[in-house]
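K.L.:
Okay, sequence plus prediction incoming.
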Amino acid sequence: KNQVEQSPQSLIILEGKNCTLQCNYTVSPFSNLRWYKQDTGRGPVSLTIMTFSENTKSNGRYTATLDADTKQSSLHITASQLSDSASYICVVSHLDSNYQLIWGAGTKLIIKP
Amino acid sequence: GAGVSQTPSNKVTEKGKYVELRCDPISGHTALYWYRQSLGQGPEFLIYFQGTGAADDSGLPNDRFFAVRPEGSVSTLKIQRTERGDSAMYLCASSPGTGANTEAFFGQGTRLTVV
């Protein structure tokens, strides 16, 4: 079954600290993996998109890694800011239906001052 | 427009009523998607349009749900005989295509509450 699992479910860190969020998937064949940021009550906003041939991609203070062999991805946030408080969702698309994205449940990140 | 626009942002309706949710995609985007998101969960795929036609409606939960995109731009998600279980955030997204690295842009969503 095609699934995306994320850990931890929630995370609280102090402003200025770094953190890493994890994503494991079983989707096969795999097309691409995306990380989205979703503020409460808002639509998701794309952070990164990676195909199987890409190992890392950065977007400002966000760096995503991908290991297509172990089917794992991580999202590293550097020097966290209060505005980083949100849910971070890992999304994988299946090669046969690139539009039918398979979503993880997300990691709820809270940044405390 | 500058982004994907969804209206209304909030809708409260009584059980059994009919509702319409509207999505204005980014101009020129041929692909349009509807998702439903319950609290604490990731979005659930409902339907995908390529142009005017529904290329995949396999995610629609039952025949009370229907969506149209008559001119290949604005789309309307229609829910008949609403039930309390239909309460969720309904998200619309659009993209210029469906290639491997094509980014999908999401609207702010419509929060539907059935009382």
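P.N.:
Structure received.

K.L.:
Could you spell out the sheet neighbours of the helix or strand bottoming out on mean pLDDT in chain A, each with its direction?
P.N.:
Comparing helices and strands within chain A by mean pLDDT, DSSP states H and E singles out strand A:97-103 as the least confident, with a mean of 76. Here strand A:97-103 is paired, per DSSP bridges, with strand A:86-94 (antiparallel).

K.L.:
Show me what the partner strand is in contact with.
P.N.:
Residues outside strand A:86-94 that contact it (Cβ atoms under 8 Å, 6 or more residues apart in numbering or on different chains) are A:2, A:4, A:6, A:21, A:23, A:25, A:27-40, A:44, A:47, A:73, A:75, A:99-109, B:42, B:100. Where C-beta positions appear, they are placed from N, C-alpha and C, glycine not excepted.

K.L.:
neighbours around the closest residue to chain B within chain A, how many?
P.N.:
Evaluated by Cβ to the nearest Cβ, chain A has residue A:103 as its residue closest to chain B, separated by 2.9 Å. Close neighbours of residue A:103, defined as other Cβ atoms under 10 Å in any protein chain shown, add up to 21.

K.L.:
Figure out the helix or strand that the closest residue to it other than its chain neighbours lives in.
P.N.:
If the residues on either side of it in the chain are set aside, residue A:103 comes closest to residue B:42, at 2.9 Å by Cβ to Cβ, 6 or more residues apart in numbering or on different chains. Mapping residue B:42 onto the secondary structure by DSSP states H and E places it in no helix or strand at all.

K.L.:
so residue B:42 touches residue B:36, yeah?
P.N.:
No - the pair residue B:42 and residue B:36 does not pass the contact test of Cβ atoms under 8 Å, sitting 10.5 Å apart.

K.L.:
where does residue B:85 land in three-state SS?
P.N.:
Counting by DSSP: H, G, I helix; E, B strand; the rest coil, the backbone at residue B:85 sits in helix.

K.L.:
actually residue B:108, not the one I wrote
P.N.:
Under the three-state scheme (three-state DSSP), the conformation of residue B:108 reads as coil.

K.L.:
how close does the residue lying closest to it once chain neighbours are set aside sit to residue B:3?
P.N.:
Nearest in space to residue B:108, with sequence neighbours left out and distances taken as Cβ to Cβ, 6+ apart, is residue A:43 at 5.0 Å. Taking Cβ to Cβ, to the nearest Å as the measure, residue A:43 falls 9 Å from residue B:3.

K.L.:
of those two, who's got more company?
P.N.:
Between residue A:43 and residue B:3, counting by other Cβ under 10 Å, residue A:43 is the more crowded of the two (22 against 14).

K.L.:
Tabulate the CA atom coordinates of stretch A:63-74 in PDB.
P.N.:
Once side chains and other backbone atoms are set aside, the C-alpha atoms of stretch A:63-74 remain, and they are given as PDB (Å, rounded to 0.1, in the frame of the first residue of the first chain):
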ATOM      1  CA  THR A  63      17.000  22.000   3.400                       C
ATOM      2  CA  ALA A  64      15.400  18.800   2.200                       C
ATOM      3  CA  THR A  65      17.300  15.500   1.700                       C
ATOM      4  CA  LEU A  66      16.200  12.400  -0.100                       C
ATOM      5  CA  ASP A  67      17.500   8.800  -0.100                       C
ATOM      6  CA  ALA A  68      15.500   7.000  -2.800                       C
ATOM      7  CA  ASP A  69      17.100   3.700  -1.800                       C
ATOM      8  CA  THR A  70      15.900   3.700   1.700                       C
ATOM      9  CA  LYS A  71      12.800   5.700   0.800                       C
ATOM     10  CA  GLN A  72      13.500   8.400   3.400                       C
ATOM     11  CA  SER A  73      13.500  12.100   3.400                       C
ATOM     12  CA  SER A  74      14.200  14.800   5.900                       C
END
